[in-house]
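*Asks:* I'd like to go over a predicted model; first the sequence, then the structure.
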Amino acid sequence: MCLEKFEEVRRGVGVLTARDVVERARATAARQAPRCAVLTCSDSRVAPELLTLSNLGEMFVVRVAGNVVDDLVLYSLKFAVENLGVRKIYVIGHKRCGAVAAALEGRAPPPIAQQIKEAAARAGSASPEAVEIENVKITCEKLKGLGAEVVGYYYDLDAVELQRIC
Ligand SMILES: [Zn+2]
């Protein structure tokens, strides 16, 4: 259970209390064994733990603007697979991504712009949504060699829905 919990939360089901968080903080203090890893954007609206009401110790999360992959992202996720036993990595891109918009307007720094421009070229469209979705596919491809299952989603902020991409 990782992103699966999103549908329950979306239906209004689930509770995560301060007491739950403190209890889990104590229970996981000595070691962590997360059920999955998540790579998503730093956007304040796309917090995977909150969208799934996940507690401490459940998700190994890497967040970077535009959910692009560079060496630090790759090594962070590699650590989760090799040292924490993570077997599933979720990639979540999202609608109205500021990093994608900045890259399309030529305002993003090179490490972010490089992958987004590749996504724009592959999407063959100037539509931000098309580029955001293609960007998820590229990120998934870059993580394939890590030895975990990689699954990509697109988060629609308006509909509050996760769409499977790859
Ligand atoms: Zn974003």
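*Replies:* All right, it came through fine. Residues are numbered from 1 along each chain as shown.
*Asks:* And the longest helix seen in the chain, what does it pack against?
*Replies:* Using DSSP state H to define each element, the chain has its longest helix at helix 128-143. Packing contacts for helix 128-143, counted by 3 or more C-beta pairs under 8 Å, 6 or more residues apart in numbering; DSSP states H and E, involve helix 71-84, strand 88-94, helix 98-104, helix 110-123, strand 149-156. For every residue, glycine as well, the C-beta is placed using N, CA and C.
*Asks:* Make TSV out of those and add mean pLDDT and distance to residue 62.
*Replies:* What follows is the helices and strands packed on helix 128-143, written out as TSV (pLDDT from 0 to 100; distance: least, C-beta to C-beta, whole Å):
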stretch	mean pLDDT	distance to residue 62
helix 71-84	98	5
strand 88-94	98	9
helix 98-104	98	14
helix 110-123	96	14
strand 149-156	98	13
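*Asks:* deepest of the ones you listed, which one?
*Replies:* strand 88-94 (a mean of 25; mean count of other C-beta atoms under 10 Å).
*Asks:* just to revisit the earlier point, quick one: the helices and strands packed on helix 128-143 as CSV, columns for distance to the ion too.
*Replies:* Putting the helices and strands packed on helix 128-143 into CSV (distance: least, C-beta to the ion, whole Å) gives the following:
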stretch, distance to the ion
helix 71-84, 14
strand 88-94, 6
helix 98-104, 5
helix 110-123, 10
strand 149-156, 9
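*Asks:* possible to save those as TSV with distance to residue 29?
*Replies:* As requested, the helices and strands packed on helix 128-143 are exported to TSV (distance: least, C-beta to C-beta, whole Å):
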stretch	distance to residue 29
helix 71-84	15
strand 88-94	24
helix 98-104	34
helix 110-123	34
strand 149-156	29
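*Asks:* And for residue 124, nearest residue in space, chain neighbours not counted?
*Replies:* Using C-beta to C-beta, 6 or more residues apart in numbering and skipping residues adjacent in sequence, the residue nearest residue 124 is residue 130, 7.9 Å away.
*Asks:* so what's the residue nearest the centre of the chain bridging to?
*Replies:* With distances taken as C-alpha atoms, centre = their mean, residue 40 lies nearest the centre of the chain, 2.5 Å away. Assessed by DSSP bridges, residue 40 has beta-bridge partners residue 63, residue 92.
*Asks:* ok, now how distant is the residue nearest to residue 142 when sequence neighbours are not counted from residue 101?
*Replies:* In this structure, residue 142 finds its nearest non-sequential neighbour in residue 69, 4.2 Å apart by C-beta to C-beta, 6+ apart. Plainly put, residue 69 is 19 Å away from residue 101 if you go by C-beta to C-beta, to the nearest Å.
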